[in-house]
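Novice: Sequence and predicted structure, then a few things I'm wondering about:
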Amino acid sequence: MIADLAFFLKQAVLQPKQTSSIVPSSRHLARAVARVVGPDTGKVVEFGPGTGRITDAILERGVRPQDLTLFEMNVDFAEALRQKYPLVTTHVCGAQMVADHMEADVGAVISGLPLLSMPRPLRRAIVKGAFSVLRRGGLFVQFTYGAKPPLSPDALTELGLRFRPIEKVWRNFPPAQVYVLTRQAD
Ligand SMILES: C[S@@+](CC[C@H](N)C(=O)[O-])C[C@H]1O[C@@H](n2cnc3c(N)ncnc32)[C@H](O)[C@@H]1O
């Protein structure tokens, strides 16, 4: 636990923009975002797992490690994730590359990315990529700090998506709002 915190802090110092936080998500936030998945979800993708706080919560929900695929840009995090979860597939690349690695049969994408601190085109590319691999009825889960939802109304309309807030998690630093994005057509 302490080792995880120190490792995360080190990466936050080395890669401040990418990491975008000095501490991992709390277990309360991790459980809140993982609540939408279970053994029947099928394939699950996680973006930006860091030290694996949300990964643990996804696996605790009964998702089989073989059904979980991680996209982590930071090489040091990715190497540690491969050692910690040998049965989970870890890609060391940007989440925006998801369509190069997955078929369009994913049940849920769970994002731990600092989406709102990313440039708009990247933010859109990541969400668009996620929906290109999500099957019909698939869910994209994202949390944000503060009151802003993960995408602007314009971007939502352009991508044919809608969002709903599902839970406010106060026991996190800082407090976070969890959202689920779905296709308008579903
Ligand atoms: C705020 S940290 C969150 C870590 C973890 N999900 C948590 O909640 O504790 C953001 C993570 O996203 C990763 N990341 C940033 N940009 C990324 C991208 N485009 N694709 C994949 N991972 C990215 C960072 O390396 C870091 O691990």
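Specialist: All right, it came through fine.

Novice: Apart from its chain neighbours, what residue comes closest to the residue sitting nearest the centre point of the chain?
Specialist: Nearest to the geometric centre of the chain sits Ser111, at 1.4 Å (CA atoms, centre = their mean). Leaving aside its chain neighbours, Ser111 sits nearest to Phe47 (4.2 Å; criterion: CB to CB, 6 or more residues apart in numbering). For the C-beta atoms, the positions are set from N, CA and C on the backbone; glycine is no exception.

Novice: do Phe173 as well
Specialist: Per CB to CB, 6+ apart, closest to Phe173 is Val23, 5.9 Å.

Novice: check contacts around the residue nearest to Ser111.
Specialist: Phe71, Ala95, Val98, Val109, Ile110, Ser111, Gly112, Leu113, Ile126, Ala130 (CB atoms under 8 Å, 6 or more residues apart in numbering).

Novice: now, which of these sits nearest the ligand?
Specialist: Ranked by distance to the ligand (CB to the nearest ligand atom), these are led by Gly112 at 2.3 Å.

Novice: And the pLDDT at that closest one?
Specialist: For Gly112, the model assigns a pLDDT of 95.

Novice: List the residues that contact the closest residue to it other than its chain neighbours.
Specialist: Excluding its sequence neighbours, the residue lying closest to Gly112 (CB to CB, 6+ apart) is Gly48, at 4.4 Å. By CB under 8 Å, 6+ apart, the residues touching Gly48 are Phe71, Glu72, Met73, Ala95, Ser111, Gly112, Leu113, Pro114.

Novice: Roughly how far does Tyr145 sit from Gln177?
Specialist: Counting by CB to CB, to the nearest Å, the gap from Tyr145 to Gln177 is 8 Å.

Novice: okay, the two: which has more neighbours?
Specialist: Gln177 (19 against 16; other CB atoms under 10 Å).

Novice: Is Val141 within a helix or a strand, and which one?
Specialist: Element membership for Val141, per DSSP states H and E: strand 134-145.

Novice: Show me which parts of that strand are buried, residue by residue.
Specialist: With burial defined by 16 or more other CB atoms under 10 Å, the residues of strand 134-145 counted as buried are Leu134, Gly138, Leu139, Phe140, Val141, Gln142, Phe143, Thr144, Tyr145.
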